[in-house]
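In: Here you go, sequence then predicted model.
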Amino acid sequence: AELRLSHQFAPNDIRHKVAQMVADDVEAANVDLSIRIFPSSSLFKATEQYQPLSRGQLDMTVLPLSYAGGQRPEYNLTLMPGLVKDHDHAARMNESPFMQALEDIMAEDDVMVLVHGYLAGGFASKEKCITKPEDVKGMTVRAAGKAFEQMLEGAGASISSMPSSEAYSGMQQGILDAMNTSSSSFVSFRLYEQVKCYTPAGDVALWFMYQPLLINKSTFEGLTPEQQQALRDASEKAQAFYLEEAKKEDAASIEPFEKAGVEIARMTPENFEAWRKLAEETSYKAFVEEVPEGQKLLDMAFEVK
Amino acid sequence: MDPLTLGLLVALVTVVVLFSGTSVAVGLLIVSAFFLLVFDGTRSLQMLPEVYFADLNSFAILSIPMFIIMGASIASTRAGGDLFEAIERWMTRVPGGLVVSNLGACALFSAMSGSSPATCAAIGKMGIPEMRRRGYSDEVAAGSIAAGGTLGILIPPSVTMIVYGIATETSIGRLFLAGILPGVLLVGLFMAWTIFSTWRSGAINLLSPRTYSLRERLEVLPRVVPFLVVIAGVLYAMYGGIATPSETAAVGALLCLLMAIIIYRMWQPTALWAVLRDSTRESVMILFIMAAAGVFAYMMSSLFITQSIAEWISQLDVNRWVLMGVINVFLLVAGFFLPPVAVILMTAPILLPILTAAQFDPYWFAVILTINLEIGLITPPVGLNLYVINSIAPEISLKTILKGSMPYVLCMVAAIVILCFVPQIATWLPDVVMGPAI
Amino acid sequence: MAHSVVSASPSLARRDQPFVLRAIGQISTLCGWFAAALIVVSIFITCHMIFVRFVLRQSTIWQTEVVIYMMIATTTIGLAYVQKLRGHVNVDLVPAMLPYGVRRALAYLVLLLTMAVVATIAWYAAHTWYETFDRNWKSSTVWGVRLWIPWLAVPVGFVLYLLQLAADFFALYLRIDEPFGKGRD
Ligand code: NA
Ligand code: NA
């Protein structure tokens, strides 16, 4: 059998490597199963993958789950400011009842998780460094994710809902003053060519996005027990790799910025608390208002220590 | 079925269907639906409307109707006539002077738009009727604009360079810079060819029957001021940090409409409606072809034809220049059938690693790739610029447009060859501005 | 290169067309007005966005998304109008060379194939529209528009396009139109 895996990332990206690892290991297991990867949005556009996946028209994907937040508002919790503190916390999150609740929702759409993984991110700005909420006041910002937009707007920033493909020119032209996205995107978009200050994910980070490797559940259940086991084994190995690489990525992202002479700012635990307090009044509040079981899910997420 | 045979089969069916007289967009949809149905089953038909929607679900497509409106409002007022009158008075002694200035205008509009069909539509609306009125053959009038319009994706800003940058994790800023000098080179080649061919054909009668005195030349200038103000406004919006390229297109459209209404008194509803009606018709036609080409690209990607061939090329054990030759032929053929963005998404991630392994510069290659895709825009069966010209100048037949564009295809091939011998044309400017690539 | 599979024959004035064909043509014209209006409105919305962001320095949340959806609607609703104007470009080098009878048969075949694929898209688009409506899907942005609204344009647009194609089919049958715009030599 052959499974089709689509994602939006370039072949150098850690998320492609995770997919490739699973594909290679499954191939090596010799269970008559292969995975064909369509990288760089060459089959489906980034945001258009969840629906075909849930219908079984696409077998697998590596997807920032919050992209499907319009269909399942609960998924917006997977990109919520201040919910995850660091990578080890994220790893505990993956094993928690909170994640189980999300997986139950995914199961309703016939989707299941093979590899859990979170990536962290930070801020980059063309003006002053961004560490605390007051810093973004009056800036025009493009944030990655709805909850971050709500929080930044609460901090007095102007949000520009520019498509990501235009964000680079937006920064270059000075239309945007700051951007908020993942460490790897900062490097792959080469934003160090344009910005004055970079606030990477460090000991604490505000921006964590859940980006699992997903498979259509019925497709998975239709495989032979040997094939399923091969997929599970490959996924387990890939998940460990994903976590290690995700940790390295934050530190590695600093280097090109430093080389380019960009100032590096650090977010302190006090800054983090200030952001989180702001998030409570903005993004968390909006989330609870939008989602019927929202408070319960949010509490479950906070129970993960 | 092996990918090559399958690819040939798809190509054959596509040619047959498109030449049977279906509209281009629907023809692409028919072919896509057929192959999806055969190889992927009925469930894949659900993807037809969804891929259609996803392909149009992009802010960048706004530039198409906006540039068409810019062209149409200039062409349907005296602004167009004045502009070309001024050009004629100043360029009387240059053989093919009007074509040369239209090519210059294509380069200028390319600096304002990231899309080739948009550039082509804007200049074509103004330029083609004027060139024909002043005695140029349909071939030259249509061919030069079809080719000149392709510069839209080479001269920054460029939608395809952005896609290449994201798909290959290269610097978009550097890619934009890399496109500038090759763009100038191409415009130069286009102009040189035009001057040479007009001169050779002895079309001396195309030179103005009289010469103009300096006074006559100067007195026409105030009349082009409104046009220049609009262009300056658009360039300022874009390079002054006010709006992104796609947004700028809307500023341009608004300014052109305001210019037509306020300065050229185009306030009768019928005149305005005529501009809007034509713009709507052309925009819908082009956007429908683009969406259908996206569906076609989805089908191709789904069958893994393009990728398999790219993978096969990447495993060839040959001299680096033979490799480059094979890649060029492959891109050229892919460009016959697929829109530029689709070719980049499907092939760049596969080809780039082997190209860098063979010591080719990824920025230089982006330029080579872009010129190949520009050729694809003016070659059948899927050549978007050909259809744009055909829509804005329905009285010129496709055969004539094709014949007119062919010499310019040769100019592009020449540019690729020149770039192979002098790669610095692409790499020098980014190195100077941004320092050597890491 | 003509502009469509069928093209109005000069020998028959418009008012000689049966009422139904004229009515469908008018619906398609309305579609054209609608599409044109959307284009004009999107100019203003985009300029409004630039103004709000650059001059007022306030958030711009909904504008890009609205403009994108309006472009989707322009394209899809405009299909019928463009069909009526024979504005969908085709390659008619081969049909123009065929003898009249064969050309006529080919025109029928091409129109039927076109109608088949357009109907297929309309059918599945209606499915997707119903799914977005039934499950109340929204776009994953702060603005979070209910997706059935922009999706509505797709089934409606393709059905209207199908209607105009059917009218053209009968116009060909009634010999009001000539195949590929070319009568007997
Ligand atoms: Na351009
Ligand atoms: Na082509």
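Out: Yes, it's here. Ligands and ions are numbered 1, 2, ... in the order given.

In: Apart from its neighbours in sequence, what residue is nearest residue B:255?
Out: Closest residue in space to residue B:255, ignoring its immediate chain neighbours: residue B:230 at 4.5 Å, by CB to CB, 6 or more residues apart in numbering or on different chains. Using the backbone N, CA and C atoms, a C-beta is placed for each residue, glycine as well.

In: Those residues of chain B touching ligand 1, which are they?
Out: B:110, B:114, B:152, B:155, B:158 (CB under 5 Å from the ion).

In: how about the residue nearest to residue B:255, what does it touch?
Out: Applying CB atoms under 8 Å, 6 or more residues apart in numbering or on different chains to residue B:230 gives the contacts B:70, B:252, B:255-256, B:259.

In: hang on, the earlier thing: quick one: which of the residues of chain B next to ligand 1 has the most company?
Out: Counting neighbours by other CB atoms under 10 Å in any protein chain shown, the top entry in the residues of chain B next to ligand 1 is residue B:152, with 34 neighbours.

In: Could you tell me the per-residue confidence at that residue?
Out: In this model, residue B:152 is scored at 92, pLDDT.

In: Surely it is in contact with residue B:108?
Out: No: using CB atoms under 8 Å, residue B:152 is not in contact with residue B:108, being 11.1 Å away.

In: closest point of the stretch 101-250 of chain B to chain A, which residue?
Out: In the stretch 101-250 of chain B, no residue comes nearer to chain A than residue B:241, which is 3.6 Å away by CB to the nearest CB.

In: What does that residue show for phi and psi?
Out: phi 80, psi 30 (degrees, to the nearest 10).

In: Low-confidence regions, chain C specifically.
Out: By pLDDT under 70, the low-scoring segments of chain C are C:1-15.

In: all helices in it, in order from the N-terminus.
Out: Applying DSSP state H to chain C gives helices spanning C:19-54, C:63-84, C:93-97, C:100-134, C:148-173.

In: And the stretch 101-250 of chain B, by the same measure?
Out: For the stretch 101-250 of chain B, the helices defined by DSSP state H, counting those that start in this stretch occupy B:116-133, B:138-149, B:159-168, B:172-200, B:214-219, B:225-239, B:245-258.

In: Nearest to residue C:79, out of the ones you listed?
Out: Counting by CB to CB, residue C:79 lies closest to helix B:116-133 out of the helices of the stretch 101-250 of chain B; the figure is 17.9 Å.

In: List the buried residues for that closest one?
Out: B:116-132 (16 or more other CB atoms under 10 Å in any protein chain shown).

In: what angle do it and helix B:225-239 make?
Out: Per axes from the mean of the first three to the mean of the last three CA atoms, to 10 degrees, the angle that helix B:116-133 makes with helix B:225-239 is 170 degrees.

In: any bit of helix B:116-133 sitting next to chain A?
Out: No: remark: helix B:116-133 sits outside contact range of chain A, by CB under 8 Å from any CB of the partner chain, the gap being at least 15.4 Å.

In: angle of that helix against helix B:138-149?
Out: Taking the same axes, to 10 degrees, one finds helix B:116-133 and helix B:138-149 inclined to each other by 150 degrees.

In: How about helix B:116-133 and ligand 2, any contact?
Out: No: using CB under 5 Å from the ion, helix B:116-133 stays clear of ligand 2, with a minimum separation of 11.5 Å.

In: Packing partners of that helix?
Out: Applying 3 or more CB pairs under 8 Å, 6 or more residues apart in numbering or on different chains; DSSP states H and E, one finds that helix B:116-133 contacts helix B:63-75, helix B:78-90, helix B:97-110, helix B:138-149, helix B:269-303, helix B:362-377, helix B:384-392.

In: In JSON lines, list the residues of chain B next to ligand 1 along with distance to residue B:348.
Out: Conversion of the residues of chain B next to ligand 1 to JSON lines gives the following (distance: CB to CB, whole Å):
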{"residue": "B:110", "distance to residue B:348": "22"}
{"residue": "B:114", "distance to residue B:348": "17"}
{"residue": "B:152", "distance to residue B:348": "19"}
{"residue": "B:155", "distance to residue B:348": "20"}
{"residue": "B:158", "distance to residue B:348": "14"}
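
In: if we can go back for a sec, comparing the helices of chain C, which comes out most buried?
Out: Ranked by mean neighbour count, the helices of chain C are led by helix C:63-84 with a mean of 25 (mean count of other CB atoms under 10 Å in any protein chain shown).

In: Next, the angle helix B:63-75 makes with it.
Out: Comparing the axes of helix C:63-84 and helix B:63-75 via the same axes, to 10 degrees yields an angle of 70 degrees.

In: Check the offset of helix C:63-84 from the chain's centre.
Out: Here helix C:63-84 shows a centroid-to-chain-centroid distance of 9 Å under the convention CA atoms, centre = their mean, to the nearest Å.

In: what's the answer for stretch C:17-28, then?
Out: In terms of CA atoms, centre = their mean, the centre of stretch C:17-28 is set 16 Å apart from its chain centre.

In: Off-centre distance for the helix or strand of chain A with the lowest mean pLDDT?
Out: Ranked by mean pLDDT, DSSP states H and E, the helix or strand of chain A with the weakest confidence is helix A:164-173, at a mean of 82. With CA atoms, centre = their mean as the basis, helix A:164-173 stands 20 Å off its chain's centre.

In: tell me what it is packed against?
Out: With contacts defined as 3+ CB pairs under 8 Å, 6+ apart, helix A:164-173 has these neighbours: helix B:159-168, helix B:172-200, helix B:245-258.

In: in the longest one, what counts as buried?
Out: Burial within helix B:172-200, assessed by neighbour count using 16+ other CB under 10 Å, is assigned to B:172-183, B:185-187, B:189-191, B:193-195, B:198.

In: Same question for stretch B:84-94.
Out: Residues of stretch B:84-94 classed as buried by neighbour count (16+ other CB under 10 Å): B:84-91, B:94.

In: Show the overlap between the residues you listed and what lies near chain C.
Out: Checking the buried residues of stretch B:84-94 against chain C by CB under 8 Å from any CB, not one of them is in range.
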